[in-house]
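1. Got a sequence here, can you build the structure:
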Amino acid sequence: MIGNYRWNSVVALLGVVLTFMMSMGHNSLSTTFMRCLYSFILLFLAVYAFRFLLGTFAGISNDALSGKAFREETANDAQKGSWYDMSTPDDDAQIHEMLKGNMNAGQDDSSFSPLNPPKLVTKSNMEPEDMAKALRHMSEE
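-> Numbers count the residues shown, from 1 in each chain. Predicted coordinates:
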């Protein structure tokens, strides 16, 4: 997450000041203070969510440690499970072996036959009366 709670407080207090100035002329003092409180809570949480999303999706972190250094530093039991490793392991050799095995197995298998779907047949000698009857029937629906 980027920054700290001070950003949340500053933005929320600016919202309180704006809400107070806009609401004071049209509402009673208690209504104005309630709206200021709602404004503070809403903006504090909104900025917190924005900071969280920005830090998550932008990949920005306050930790100056790289992934390996962070894993080595947090190897003790008290902090295990507090960091999620999203890097994929290097499985290139294992994938090549699997593909070689599939290629060898595919050469022996000769049971493959291509799909032969049935052909569509059209009637070439249709009577004009039958065609007119079919057209009338379809136009009624």
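2. pLDDT-wise, which helix or strand of this structure ranks last?
-> The helix or strand of the chain with the poorest confidence is helix 67-73; it has a mean of 57 (mean pLDDT, DSSP states H and E).
3. in the helix or strand that that one is followed by, what counts as buried?
-> Proceeding N to C from helix 67-73, the next assigned helix or strand is helix 92-108, under DSSP states H and E. By neighbour count with 16 or more other Cβ atoms under 10 Å, helix 92-108 contains no buried residues. In this view, the C-beta of every residue, glycine as well, is placed from N, C-alpha and C.
4. Start at 797, not 1
-> Got it, first residue is 797 now, which makes that one helix 888-904.
5. For the following helix or strand past helix 888-904, C-alpha coordinates in PDB please.
-> Scanning forward in sequence from helix 888-904 by DSSP H and E, the next helix or strand is helix 924-936. Output in PDB follows, covering the C-alpha atoms of helix 924-936 (Å, rounded to 0.1, in the frame of the first residue of the first chain):
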ATOM      1  CA  PRO A 924     -44.000 -25.200 -58.000                       C
ATOM      2  CA  GLU A 925     -47.200 -25.900 -56.100                       C
ATOM      3  CA  ASP A 926     -45.400 -27.500 -53.200                       C
ATOM      4  CA  MET A 927     -43.000 -24.600 -53.100                       C
ATOM      5  CA  ALA A 928     -45.900 -22.100 -53.100                       C
ATOM      6  CA  LYS A 929     -47.600 -24.100 -50.300                       C
ATOM      7  CA  ALA A 930     -44.500 -24.100 -48.200                       C
ATOM      8  CA  LEU A 931     -44.000 -20.300 -48.800                       C
ATOM      9  CA  ARG A 932     -47.600 -19.600 -47.800                       C
ATOM     10  CA  HIS A 933     -47.200 -21.800 -44.700                       C
ATOM     11  CA  MET A 934     -44.000 -20.000 -43.600                       C
ATOM     12  CA  SER A 935     -45.500 -16.500 -44.300                       C
ATOM     13  CA  GLU A 936     -48.500 -17.300 -42.000                       C
END
